[in-house]
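Student: dropping the sequence and predicted coords here.
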Amino acid sequence: MARTFSGIFLAAALLGGAQAATLTQTFTSNWTVAPWNYYGDVAAAQWQYQAYTPWDATLGTLEKVTITTSIQGVKDAADTLTVRSALFTGWSPNQYQFYDSSVFAAGSTTFAQTRNYSSATDFALGSFSNSLYLPQANYYFESRSALAHTIGATTRLNYEYLPMAAVPEPGTWAMLLAGLGALALLRRRKSAA
């Protein structure tokens, strides 16, 4: 009986047991910007869009999303700098998968910050697993101040997921059936003896 159960557990281990996987996308933004006139708004402002890949449900079951943003740079001590970043599939706020804004106050010429966000605490996992407004999907980064500044930022988007279970090859099924048959034969011989 113990051999039969161990054979079944071995078969289950061969056929299943998907390991968690992580898919990472990295975005970088680097620039030096001086004040300029953007339709009457005079400011040291710069922004950038980079395409990102929304969650693809054919890969498996999305378990967790984490976002890490690292920002550093140099600004005028008298100036206040605002930074915004977002991952979105549409222009309306309810189409944002993620949005964040930071302010670096006057008083220092350098700034640095690393922030971590997770679907466990900071935003809904469903916003990444239900991207309804495709095909446009962008990572957005913006820095804005009154005076010149230099900034560098790196954002990492991690999808943690359980891959779809692979369908066993016919040869795997044949080995499984042969092994189960051998176990049944051994059990029959043992009970006949």
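Tutor: Nice, thanks for sending it over.
Student: residue nearest the centroid of this structure?
Tutor: Central residue of the chain (CA atoms, centre = their mean): Asn158, 2.5 Å from the mean position.
Student: what residues does that residue make contact with?
Tutor: 22-24, 64-68 (CB atoms under 8 Å, 6 or more residues apart in numbering). Any C-beta I mention is one placed from the backbone N, CA and C, and that applies to glycine too.
Student: can you tell me the element Gly179 falls in?
Tutor: Using DSSP states H and E, Gly179 sits in helix 170-192.
Student: pull the helix or strand with minimum mean pLDDT from this structure.
Tutor: helix 2-15 (a mean of 47; mean pLDDT, DSSP states H and E).
Student: quick one: Ser108 and Ala78 touch, right?
Tutor: No. In this structure, Ser108 is not within contact of Ala78 by CB atoms under 8 Å, at 10.4 Å.
Student: of these two, who's got more company?
Tutor: Ser108 (13 against 10; other CB atoms under 10 Å).
Student: looks to me like the more buried one is in a helix.
Tutor: No. Per DSSP: H, G, I helix; E, B strand; the rest coil, Ser108 lies outside any helix segment and is coil.
Student: what's the separation between the closest residue to it other than its chain neighbours and Ala148?
Tutor: Of all residues not flanking Ser108 in the chain, Ala77 sits nearest, at 6.3 Å (CB to CB, 6 or more residues apart in numbering). Distance, Ala77 to Ala148, by CB to CB, to the nearest Å: 12 Å.
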